[in-house]
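*Asks:* sharing a sequence plus its predicted fold:
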Amino acid sequence: MAKVFLILNGVLYIGLALWCTLLPMKTSAAIGLGLPNDSAKSEYLVVYGGLELAMGVFFLLCAFKANMLEAGLWFALLAYGCLMVYRWSMVFTLKNLSGFIYAMVVIETVMAAVSAWLLWRQTTAA
């Protein structure tokens, strides 16, 4: 089950990287970011394209190398856990958030919980 979770995350992040890379103006606008100049576009592409691609490849690497399965689950827990903490803090401190933000807080909370559960199963089974 942990392997499937990591593969799902890998495919998801590689897909997001491609989507953001191929349609940066559309994807940035969807989250409320403007790209008013080439520096902004460059930063968006590097973070939302490059970093998400790296995350996707890392998740897949961890899924297919048995000795890295636990590291992939730790990474998932830390990534989703930190995203969840920041996202919830924004929900409680900012106003006029889009529906996208509320959907992400639910998704990231669920993914953090699933990561924690799978990591617990992985470490207690060993």
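*Replies:* Great, that's in hand. Numbering: from 1, shown residues only.
*Asks:* so which elements touch the top helix by length along the chain?
*Replies:* Secondary structure of the chain per DSSP state H: the longest helix is helix 99-125. With contacts defined as 3 or more Cβ pairs under 8 Å, 6 or more residues apart in numbering; DSSP states H and E, the packing partners of helix 99-125 are helix 2-22, helix 69-93. Glycine gets a C-beta too; all of them are placed from N, C-alpha and C.
*Asks:* name the helices or strands packed onto the least confident helix or strand in the chain by mean pLDDT?
*Replies:* Every helix and strand of the chain was ranked by mean pLDDT, DSSP states H and E. The lowest is helix 24-30, at a mean of 92. Of the remaining helices and strands, those touching helix 24-30 by 3+ Cβ pairs under 8 Å, 6+ apart are helix 2-22, helix 38-44.
*Asks:* tell me the most buried of those helices?
*Replies:* helix 2-22 (a mean of 17; mean count of other Cβ atoms under 10 Å).
*Asks:* centre of the chain to that helix, how far?
*Replies:* With Cα atoms, centre = their mean, to the nearest Å as the basis, helix 2-22 stands 8 Å off its chain's centre.
*Asks:* and if you look at stretch 112-125?
*Replies:* On the basis of Cα atoms, centre = their mean, stretch 112-125 is displaced by 18 Å from the centre of the chain it belongs to.
*Asks:* pLDDT wise, what is residue 126 at?
*Replies:* The confidence metric pLDDT takes the value 62 at residue 126.
*Asks:* swap in residue 32?
*Replies:* 86.
*Asks:* assign it to helix, strand or coil.
*Replies:* Following DSSP: H, G, I helix; E, B strand; the rest coil, we place residue 32 in the coil state.
*Asks:* where does the chain have low pLDDT?
*Replies:* 126 (pLDDT under 70).
*Asks:* distance to residue 53 for the helices and strands packed on helix 99-125 - can I get that in CSV?
*Replies:* Below are those laid out as CSV (distance: least, Cβ to Cβ, whole Å):
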stretch, distance to residue 53
helix 2-22, 4
helix 69-93, 14
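*Asks:* hmm, back to that, wait, which of the helices and strands packed on helix 24-30 is closest to residue 81?
*Replies:* helix 2-22 (13.9 Å; Cβ to Cβ).
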